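Q: I'll drop the sequence and a predicted model, then ask my questions.
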Amino acid sequence: MISLHHTHNPKPNQCTSLAVQRVAASLPLVWSILRRFDQPQAYKKLVKNCTILGGGGGGVGSVREVALVSGMPGRMSRERLDRLDEENHVMIYTVIEGDQRLENYQSTTTVHEAEDGGGGAVVIESYVVDVPEGNTEEETRIFADTVLGCHLRYLAHLSEKLASGIAL
C-alpha cells in the first residue's frame, strides 16, 4: 500500500513524510470518521470548525474552509477533496489557499486491516508540501509531522472509545 498510494515525487523546495497509526477499532469504524471531508474537526483537534464552500462536502471536487484553533500559525485553510475511494479506503485532499504554513500541502490517507492478527486497523497518512522561504526541509517536516501525529493519535483515541461504547 505504501508504494501504491504513499510514494510522492517532491519538486525542488518541497518535502514529504509519512505517519502510521495503529487503531484498536475496526476499519469500517475508523473509515466512517476519517472519510467525512465535511467534518474534519471530529478528529482533528487543531481544527475549530469547517464550512463547505462547494461540492456538497462529500464528493470529489468539494471545497472546505477550516478555521484553526487559536495558537496555530494561521487562522484558516481552504482544502479540496481530490479523491475519495470508498472501496480501497483512500482519501486525498489538497490545501488550495490559506494563511497557515502548509503551502501546496497534499495529503494521502489510507486505512487498512491490521495484518498482525491483533485486529483493528492501520491508518497511513503521507504528504508533500512546499518548504516555506526561510525554513529548512527538516523544520517543515517536523512541523507537519507534529500536526499530523496529533490528528492521527486523536483519531485512534476517538475510534477506540467509540468501539468500546464509551460515551464521548
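A: Thanks, I have it.

Q: contacts and neighbour counts: CA atoms only from here.
A: Noted.

Q: buried residues in the biggest helix by length in the chain?
A: In the chain, with assignment by DSSP state H, the single longest helix is helix 137-164. For helix 137-164, the buried set under the neighbour-count rule, 16 or more other C-alpha atoms under 10 Å, comprises 137, 140-141, 144-145, 148-149, 151-153, 155-160.

Q: for stretch 17-37, same thing?
A: Of the residues in stretch 17-37, 17-18, 20-27, 30-31, 33-37 count as buried by neighbour count, 16+ other C-alpha under 10 Å.

Q: got it, and stretch 92-104?
A: When burial is assessed from 16+ other C-alpha under 10 Å, stretch 92-104 yields the following buried residues: Ile92, Tyr93, Thr94, Val95, Ile96, Glu97, Gly98, Arg101, Leu102, Glu103, Asn104.

Q: among those residues, which one has the lowest pLDDT?
A: Of all the buried residues of stretch 92-104, the model is least confident about Arg101, whose pLDDT is 77.

Q: At which residues are the helices of this protein located?
A: For the chain, helices defined by DSSP H occupy the ranges 2-5, 27-34, 137-164.

Q: Go through those and name the closest to Gly58.
A: Evaluated with C-alpha to C-alpha, these place helix 27-34 nearest to Gly58, the distance being 11.7 Å.

Q: packing partners for the closest one?
A: Under the contact criterion of 3 or more C-alpha pairs under 8 Å, 6 or more residues apart in numbering; DSSP states H and E, the helices and strands touching helix 27-34 comprise strand 106-113, strand 121-130, helix 137-164.

Q: Over the shortest one, what's the mean pLDDT, rounded is fine.
A: Right, the one you point to is strand 106-113. Here the mean pLDDT over strand 106-113 is 96, rounded to a whole number.
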